[in-house]
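**Q** coords please:
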Amino acid sequence: MIDRRRADLERHLDDLRKNDGWHPFQHFVIGLLRHDGYTDVRHSNPRSDFGCDAVALTPDGKRCVVAVSFEW
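**A** Coordinates of the predicted model:
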């Protein structure tokens with residue numbers, strides 16, 4: 001039963017990745033940066049789930065690189 005449920009979840013995640021279904025989650029996480037006072041928040045690689053997804057400046061002026069992972 002657990003193995004079947006795990007396989008169903010993995011198929012669902014694969015479908016989301018293939019159809020760019022993870023983008024809403026990525027936008028939510030990047031929105032949290034803006035809410036917390038980060039500036040110059042921008043997508044750096046909007047077509048890929050791997051690697052650097054956003055770049056921003058922290059409230060104290062340091063560069064921040066964000067990688068949003070869509071894994072269970």
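**Q** show me the shaky parts of this protein.
**A** 16-17, 19-22, 45-52, 70-72 (pLDDT under 70).
**Q** using the three-state scheme, assign residue 69.
**A** coil (DSSP: H, G, I helix; E, B strand; the rest coil).
**Q** brain fart, residue 41
**A** Using three-state DSSP, the structure places residue 41 in strand.
**Q** same deal with residue 29?
**A** Residue 29 is classified as helix under three-state DSSP.
**Q** what number of residues lie near it?
**A** Around residue 29 sit 16 other residues, with neighbours defined as other C-beta atoms under 10 Å. Every residue, glycine included, has its C-beta placed from N, CA and C.
**Q** not counting its neighbours along the chain, what's nearest residue 55?
**A** Among residues not flanking residue 55 along the chain, residue 44 sits closest, at 5.0 Å (C-beta to C-beta, 6 or more residues apart in numbering).
**Q** that neighbour touches residue 64, doesn't it?
**A** No. The pair residue 44 and residue 64 fails to qualify as a contact (C-beta atoms under 8 Å) at a distance of 11.3 Å.
**Q** between the two, which contacts overlap?
**A** Common neighbours of residue 44 and residue 64 (criterion: C-beta atoms under 8 Å, 6 or more residues apart in numbering): residue 55.
**Q** go ahead and confirm residue 64 touches residue 56.
**A** Yes. Between residue 64 and residue 56 there is a contact under C-beta under 8 Å: 4.7 Å.
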